[in-house]
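S.K.: sequence plus predicted model, see below.
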Amino acid sequence: QVQLVESGGGLVQAGRSLRLSCAVSGGTFSSVNIGWFRQAPGKEREFVASVTRSGSTTRYLDSVKGRFAISRDNAKNAVLLQMNSLEPDDTAVYYCAANQRGLVASTSAVHYDYWGQGSQVTVSS
């Protein structure tokens, strides 16, 4: 059973940066594909970024391209989401998710089997 724990959220001003971390346990780190999703109040959960088990392929939501970067830290069994130039519209609860299927860097929540508890990110204007 894969377990995911997010950390690194908080309150920041627009234009500043935050780095989220997703700690992975209960499975072989190299066997899991990881995705980040977010859900703002009153809105549906949306895809933000994903990375394959090998780290060779990444995908991003168009509105975060060039500002966010997803990466794998194999030494710490963690996936990082570096968020720069944050905007008020980035305010949401951020979730990391994992699957051990053959799907590659999926952008769809239905393709992920394991979810973290979420981490709040609030960006003030």
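M.R.: Received the coordinates, thanks. These figures come from a predicted structure and were not determined experimentally.

S.K.: name the residues of stretch 38-45 that come out as buried.
M.R.: Of the residues in stretch 38-45, Arg38 count as buried by neighbour count, 16 or more other Cβ atoms under 10 Å. Bear in mind the C-beta positions are built from the backbone N, C-alpha and C, glycine included.

S.K.: pLDDT of that stretch, averaged?
M.R.: Regarding stretch 38-45, the rounded mean pLDDT is 96.

S.K.: output it as PDB, nothing but the C-alphas.
M.R.: Taking C-alpha atoms only, stretch 38-45 is exported to PDB below (Å, rounded to 0.1, in the frame of the first residue of the first chain):
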ATOM      1  CA  ARG A  38      -5.300  21.000  -6.800                       C
ATOM      2  CA  GLN A  39      -8.800  22.000  -5.700                       C
ATOM      3  CA  ALA A  40      -9.900  25.500  -5.000                       C
ATOM      4  CA  PRO A  41     -13.100  26.300  -3.000                       C
ATOM      5  CA  GLY A  42     -16.100  25.700  -5.100                       C
ATOM      6  CA  LYS A  43     -14.200  24.300  -8.000                       C
ATOM      7  CA  GLU A  44     -13.400  20.800  -9.300                       C
ATOM      8  CA  ARG A  45     -10.100  19.200  -8.700                       C
END
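
S.K.: so which residues of this protein form helices?
M.R.: With helices called from DSSP state H, the chain shows none.

S.K.: which residues of it score low on pLDDT?
M.R.: Judged by pLDDT under 70, the chain has no weakly predicted residues.

S.K.: how deep is Gly55 tucked in, by neighbour count?
M.R.: Residues near Gly55, counting by other Cβ atoms under 10 Å, number 15.

S.K.: touching, Ala69 and Val51? I think so.
M.R.: No: in terms of Cβ atoms under 8 Å, Ala69 does not count as a neighbour of Val51; the distance is 9.9 Å.
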